[in-house]
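S.K.: missing the sequence, but the structure's below:
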């Protein structure tokens, strides 16, 4: 990996700035830069996968910065997993060169410009040093993320599934990490779960019905609810409605009458999701999707 040598570069520590000289912070990346600048002064910046992982595991990391441009999926998943396990805030930084520069992995020329910047895929802060506008901005950002997740969870408990998706999608629009991505996907899954037809009720079955009972129940209903039978019993019946109901009974049997499909249905998948999962399983020669 190109930026593994980041541990070998001596960090550049800028002169401590007073609160009155602190740069104005207008966005999250400006806050990250300011936080790292002050943390460098007190030797509170840790660079490199092994050192960062060690500090996360030891519960010494206060916040972790991960470069989105890191092209090592295993690397990113390890850091994300550790942060999730230890409940350490994780902020994505678009470019590893910028992260390396802000973490002091560069030389400063006579004009005060960074030279020979070494990219950093991962950096953590163990000591923030003097708190200021950058620190407050970043903490407010992290607080908004926690608040959004809490709000989405509350909405789901109220069965306001679509509203929960909206809250999480808004969160993911500015916090594009894997954890938030999967929270959005799970919330969407819940929407599909609650909207799917209740196939057990359609076939008038208990959820623990045997496959033989499913087959028997379908046969009985398919005769009873056939559109022609409905028309014979009631010539004024709505034939379109009768055909739709008969079609739903057939779909219910397609899903519950097949052991593999029923298993997915019981896990919360709708008919479309079940078919997609089985297509993936077939494509990978019997491996579970």
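M.R.: Perfect, I can see it now. From a predicted model like this one, the values you see are computed outputs, not experimental measurements.

S.K.: Just give me the neighbour total for the residue nearest to residue 250 when sequence neighbours are not counted.
M.R.: Distances taken as C-beta to C-beta, 6 or more residues apart in numbering place residue 222 nearest to residue 250, at 7.4 Å, with adjacent residues excluded. Backbone N, C-alpha and C define where each C-beta goes, glycine included. Neighbours of residue 222 under the rule other C-beta atoms under 10 Å: 15.

S.K.: did I read that right, residue 222 in a strand?
M.R.: No - counting by DSSP: H, G, I helix; E, B strand; the rest coil, residue 222 is not part of a strand but helix.

S.K.: surely residue 162 meets residue 191?
M.R.: Yes - counting by C-beta atoms under 8 Å, residue 162 touches residue 191, with 6.0 Å between them.

S.K.: pLDDT at the residue nearest to residue 250, what is it?
M.R.: On pLDDT, residue 222 comes in at 90.

S.K.: next one: residue 171
M.R.: So residue 171 comes in at 90 (pLDDT).

S.K.: Tell me the spacing between the nearest residue to it once chain neighbours are set aside and residue 258.
M.R.: Nearest residue to residue 171, sequence neighbours excluded (C-beta to C-beta, 6+ apart): residue 148, at 4.2 Å. Computed as C-beta to C-beta, to the nearest Å, the residue 148 to residue 258 distance reads 39 Å.

S.K.: Which of those two has more residues huddled nearby?
M.R.: residue 148 (19 against 16).

S.K.: Which positions in the one helix or strand residue 168 maps to come out as buried?
M.R.: For residue 168, the enclosing helix or strand under DSSP states H and E is helix 161-172. Buried residues in helix 161-172, defined by neighbour count with 16 or more other C-beta atoms under 10 Å: 161, 163-165, 167-168, 171-172.

S.K.: now for it, which elements pack on it?
M.R.: Counting by 3 or more C-beta pairs under 8 Å, 6 or more residues apart in numbering; DSSP states H and E, the packing neighbours recorded for helix 161-172 are helix 133-157, helix 178-195.

S.K.: so which of those gets nearest residue 213?
M.R.: helix 178-195 (23.8 Å; C-beta to C-beta).

S.K.: how far off helix 133-157 does the closest one point, in degrees?
M.R.: For helix 178-195 against helix 133-157, the angle by axes from the mean of the first three to the mean of the last three C-alpha atoms, to 10 degrees is 20 degrees.

S.K.: on contacts alone, who are the packing partners of the following helix or strand past helix 178-195?
M.R.: For helix 178-195, the following helix or strand on the C-terminal side (DSSP H and E) is helix 199-202. Helices and strands touching helix 199-202, as assessed by 3+ C-beta pairs under 8 Å, 6+ apart, comprise helix 239-256.

S.K.: hang on, the earlier thing: with respect to residue 53, which of the helices and strands packed on helix 161-172 lies nearest?
M.R.: For the helices and strands packed on helix 161-172, proximity to residue 53 was assessed by C-beta to C-beta; helix 178-195 is nearest, at 16.7 Å.

S.K.: tell me what the worst-scoring helix or strand of the chain on mean pLDDT is packed against?
M.R.: Least confident element among the helices and strands of the chain, by mean pLDDT, DSSP states H and E: strand 114-115 (a mean of 75). Counting contacts by 3+ C-beta pairs under 8 Å, 6+ apart, strand 114-115 is packed against strand 107-108.

S.K.: for residue 63, phi and psi?
M.R.: The phi and psi values for residue 63, taken as degrees, to the nearest 10, are phi -160, psi 150.

S.K.: partners of the least confident helix or strand of the chain in the sheet?
M.R.: In the sheet, strand 114-115 lines up against strand 107-108 (antiparallel) (DSSP bridges).

S.K.: ok, back up a step: quick one: which of the helices and strands packed on helix 161-172 is nearest residue 122?
M.R.: Residue 122 lies closest to helix 178-195 among these, at 14.3 Å (C-beta to C-beta).
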